[in-house]
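Student: Provided below are the primary sequence and the corresponding predicted coordinates.
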Amino acid sequence: MTASDRHLQDAGPSVPADTGDSEGYARGLSPRTIQMIAIGGAIGTGLFYGAGGAIEQAGPGLILAYLAAGLAIFVIMRALGELLTYRPISGSFAEYAHEFLGRFAGFVTGWSYWAVWVATCMAEITVAGKYVEYWFDIAPWVTALVVLAVMFCANLISVRLFGEGEFWFSTIKVTAIVGMILLGIGVLLFGFGHATNPTVTNLWADGGVFPNGIGQSLLVLQIVLFAYVGVELVGVTAGEAREPRKTLRKAINTLPFRIGLFYVGALVVIMSVSSWRNFHAGKSPFVEVFELIGIPGAAGIVNFVLLTAALSSCNSGIYSTGRMLRTLSLHGEAPARLNKLSANAVPYVGISVSAAAMVIGVIVNVISPDKAFAYITSVSTIGIIFVWGVILVCHLLYRAKVARGELPASDYRLPAAPYTTVLALAFLGLVVVLLLFTDSGRTALVVGAVWAVLVSAGYFVLRKLGSSSTPTDVTHTS
């Protein structure tokens with residue numbers, strides 16, 4: 001019997017109360033904080049910086065790619081929301097995989113999500129060093145080490161400090177996007193600034209919506225999808241959110257608005273103010289638009305926002321990996337010591353181990369930052385597709401058990417399921433197939449296959465050693 005089975009047996013058929021806290025965490029994340037984590041979770045360097053190369057590849061068709069991926073992400077999050085209202089718990093992805101797919105799936109899901117964020121954090125602390133170089137002559141690895149140390153300490157102190165940091169990081173990112181959209185609309189309506197022929201007709205007049213062909217717009221889906229990494233972070237906060245069912249439901253319900261404004265809206269304004277042909281890989285489209293509007297120090301402003309996005313990602317990475325390691329430990333799938341909580345109800349051992357793993361990023365940054373990181377970040381590429389897929393499969397199985405009367409139905413249901421669930425799974429499958437057609441995509445698939453072999457071997461080794469036989473009890477230390 002798994003830990004999830006025991007939990008369900010002990011709890012009975014009823015849904016746990018919002019105030020319950022069987023995991024030992026403190027519910028220190030306020031609704032205000034959860035909302036901002038949800039808003040800013042998926043806004044990162046993929047939009048602020050990486051969109052330049054995506055626009056160059058797909059043209060205005062990129063807007064439709066973001067819209068299609070956004071619909072799939074909304075289905076994933078509504079499926080996760082239904083599971084969370086059924087049983088809100090930190091480390092939700094691994095917990096639901098345990099419950100509905102078995103121990104092996106829970107083990108692979110938990111460790112894969114941990115690897116996703118460790119790899120992401122390694123990359124982010126590296127680029128943070130490059131952003132600081134814009135102002136100061138400091139070696140990137142020094143900045144990377146300082147950033148990691150600061151975020152590590154903040155997460156060790158309390159979950160509330162993590163939440164406050166993420167609140168303000170998200171506020172800066174959101175302010176930058178909203179400011180750019182409002183100024184861009186001003187350029188389109190009143191014509192101020194230095195833009196040449198700013199008009200919404202730029203979206204279709206210069207080569208059409210798909211100037212490089214529909215094929216390029218399909219290939220860009222893999223870039224677009226990974227820009228949404230982090231949107232699922234609200235699921236990890238379930239064990240520490242106040243009134244989790246109410247708070248998480250509200251956060252997920254606003255997702256379509258956030259996607260429409262921050263991604264689709266921003267790109268519509270960007271490619272209306274200037275033709276898509278003026279945006280290129282290696283330069284932020286936000287810098288380009290701010291310069292056309294006539295904002296002094298545009299590059300410096302966007303560089304600051306990019307640094308904020310990197311800090312936010314690292315902060316989230318340390319938070320989520322610490323919780324995921326503790327979930328694995330509670331199932332006996334990681335060393336028992338990782339389940340320990342500090343006096344402030346923080347999984348300090350899991351956070352420390354994760355941060356230590358992230359130090360590898362600092363070392364790689366000194367030795368070979370380019371090629372090595374291409375392989376490291378490939379783990380996050382294929383890993384997040386796997387985790388999102390697990391969420392959808394667990395949702396299908398949950399609905400099947402509800403239909404048979406084996407589990408209580410959630411009052412927060414994914415519309416048109418199971419059809420929407422299957423369509424979202426098909427979309428993720430399409431992206432996996434598209435990975436075959438690019439060099440970076442093939443690298444992701446190869447690294448993903450290697451990771452699958454390693455994590456599977458780890459599971460069977462642990463079973464043989466008897467390390468995964470009995471989940472450990474929740475323990476605290478002063």
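Tutor: Happy to help now that I have it. Bear in mind that the values here come from a model prediction, so they are computed numbers and not experimental data.

Student: quickly find the element holding the most centrally placed residue in the chain.
Tutor: Centroid-nearest residue in the chain, with CA atoms, centre = their mean: residue 230, separated by 1.4 Å. Under the assignment given by DSSP states H and E, residue 230 is not contained in any helix or strand.

Student: next, it: phi, psi?
Tutor: Backbone torsions of residue 230, given as degrees, to the nearest 10, read phi 110, psi -20.

Student: any regions of the stretch 151-300 of the chain where pLDDT drops low?
Tutor: Where the stretch 151-300 of the chain drops to pLDDT under 70, the residues are 239.

Student: where exactly do the helices run in it?
Tutor: 159-190, 214-219, 221-227, 233-236, 244-253, 255-258, 266-273, 285-293, 298-330 (DSSP state H, counting those that start in this stretch).

Student: now mean neighbour count and distance to residue 439 too, for those helices, in TSV please.
Tutor: From N, CA and C alone the C-beta is placed, and that goes for glycine too. TSV is the format used below for the helices of the stretch 151-300 of the chain (neighbours: other CB atoms under 10 Å; distance: least, CB to CB, whole Å):
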stretch	mean neighbour count	distance to residue 439
helix 159-190	18	30
helix 214-219	17	12
helix 221-227	23	12
helix 233-236	25	29
helix 244-253	21	35
helix 255-258	17	32
helix 266-273	24	25
helix 285-293	23	23
helix 298-330	25	24
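
Student: wait, which of those helices is closest to residue 355?
Tutor: With CB to CB as the criterion, residue 355 lies closest to helix 298-330 of the helices of the stretch 151-300 of the chain, at 6.0 Å.

Student: next, the angle from the closest one to helix 285-293.
Tutor: If you take axes from the mean of the first three to the mean of the last three CA atoms, to 10 degrees, helix 298-330 sits at 160 degrees to helix 285-293.

Student: tell me, how many residues neighbour residue 294?
Tutor: 13 (other CB atoms under 10 Å).

Student: hmm, it is touching residue 187, no?
Tutor: No: in this structure, residue 294 is not within contact of residue 187 by CB atoms under 8 Å, at 9.2 Å.

Student: overlap in contacts, those two.
Tutor: Overlap between the neighbourhoods of residue 294 and residue 187 consists of residue 193, taking contacts as CB atoms under 8 Å, 6 or more residues apart in numbering.

Student: return stretch 32-52 as CSV; C-alpha atoms alone will do.
Tutor: Extracted as CSV, the C-alpha positions of stretch 32-52 are listed here (Å, rounded to 0.1, in the frame of the first residue of the first chain):
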residue,chain,number,x,y,z
ARG,A,32,-2.5,38.1,-2.4
THR,A,33,0.8,36.3,-2.7
ILE,A,34,-0.7,33.2,-4.5
GLN,A,35,-2.4,35.5,-7.0
MET,A,36,0.9,37.2,-7.9
ILE,A,37,2.8,33.9,-8.0
ALA,A,38,0.2,32.7,-10.5
ILE,A,39,0.4,35.9,-12.5
GLY,A,40,4.2,36.0,-12.7
GLY,A,41,5.0,32.3,-12.6
ALA,A,42,5.1,31.9,-16.4
ILE,A,43,6.5,35.3,-17.3
GLY,A,44,10.2,35.1,-17.7
THR,A,45,13.1,35.5,-20.1
GLY,A,46,11.2,33.4,-22.7
LEU,A,47,8.9,36.4,-23.3
PHE,A,48,11.1,39.3,-22.5
TYR,A,49,14.2,38.1,-24.4
GLY,A,50,13.5,34.9,-26.3
ALA,A,51,10.5,36.3,-28.2
GLY,A,52,12.9,38.1,-30.6
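
Student: about what we covered before: surely the residue nearest to the centre of the chain meets residue 316?
Tutor: Yes: look at residue 230 against residue 316 with CB under 8 Å: they come within range, at 6.2 Å.

Student: and the residue nearest to the centre of the chain, how far is that from residue 178?
Tutor: 19 Å (CB to CB, to the nearest Å).

Student: if I pick the residue lying closest to residue 207 once chain neighbours are set aside, what's in contact with it?
Tutor: Nearest residue to residue 207, sequence neighbours excluded (CB to CB, 6 or more residues apart in numbering): residue 59, at 6.4 Å. Residue 59 makes contact with 206, 207, 208, 209, 210, 211, 212, 216, 217, 271, 276, according to CB under 8 Å, 6+ apart.

Student: could you report the pLDDT at residue 59?
Tutor: Per-residue pLDDT puts residue 59 at 94.

Student: what do you get for residue 136?
Tutor: Reported pLDDT for residue 136: 88.

Student: do the one 10 residues further on as well
Tutor: Residue 146 carries a pLDDT value of 91.

Student: same question, residue 42
Tutor: 68.

Student: so which residues of the stretch 301-450 of the chain form helices?
Tutor: 348-367, 371-403, 419-434, 439-465.

Student: figure out which of the ones you listed is closest to residue 72.
Tutor: Evaluated over those, closeness to residue 72 peaks at helix 419-434, with 4.3 Å, by CB to CB.

Student: flag every buried residue along that closest one.
Tutor: 420, 421, 424, 425, 427, 428, 430, 431, 432, 434 (16 or more other CB atoms under 10 Å).

Student: then stretch 438-451?
Tutor: Those buried within stretch 438-451 under the rule 16+ other CB under 10 Å are 441, 443, 444, 447, 448, 451.

Student: quick check: pLDDT value at the first one.
Tutor: As summarised for this prediction, residue 441 has a pLDDT of 85.

Student: can you check the one 10 residues further on too?
Tutor: You'll see residue 451 listed with a pLDDT of 91.

Student: how about the one 5 residues further on?
Tutor: According to the model's per-residue confidence, residue 456 sits at a pLDDT of 93.

Student: if I look at the closest residue to it other than its chain neighbours, how far off is residue 93?
Tutor: Closest residue to residue 456 apart from its sequence neighbours, by CB to CB, 6+ apart: residue 108 at 7.1 Å. Going from residue 108 to residue 93 by CB to CB gives 11 Å.

Student: correct me if wrong: residue 140 contacts residue 131.
Tutor: No: assessed by CB under 8 Å, residue 140 is found out of contact with residue 131, at 9.1 Å.

Student: coming back round to it: shouldn't the residue nearest to residue 456 be in contact with residue 457?
Tutor: No: counting by CB under 8 Å, residue 108 stays clear of residue 457, with 11.2 Å between them.

Student: more neighbours: these two, which one.
Tutor: residue 108 (24 against 10).

Student: show me the residues around the more buried one that make contact.
Tutor: 97, 386, 452, 455, 456, 459.

Student: that one should be in a helix, yeah?
Tutor: Yes: counting by DSSP: H, G, I helix; E, B strand; the rest coil, residue 108 falls inside a helix.

Student: please read off the pLDDT at it from the model.
Tutor: 94.

Student: distance check, it against residue 447.
Tutor: From residue 108 to residue 447 the distance is 15 Å (CB to CB).

Student: can you check residue 362 too?
Tutor: 21 Å.

Student: just to check, residue 198 is in contact with residue 274?
Tutor: Yes: Residue 198 is within contact range of residue 274, at 7.0 Å (criterion: CB under 8 Å).

Student: for the closest residue to residue 144 other than its chain neighbours, what are its contacts?
Tutor: Nearest residue to residue 144, sequence neighbours excluded (CB to CB, 6+ apart): residue 125, at 4.1 Å. Residue 125 makes contacts with 143, 144, 145, 147, 148, 310, 314, 358, 361, 362, 365, as judged by CB under 8 Å, 6+ apart.
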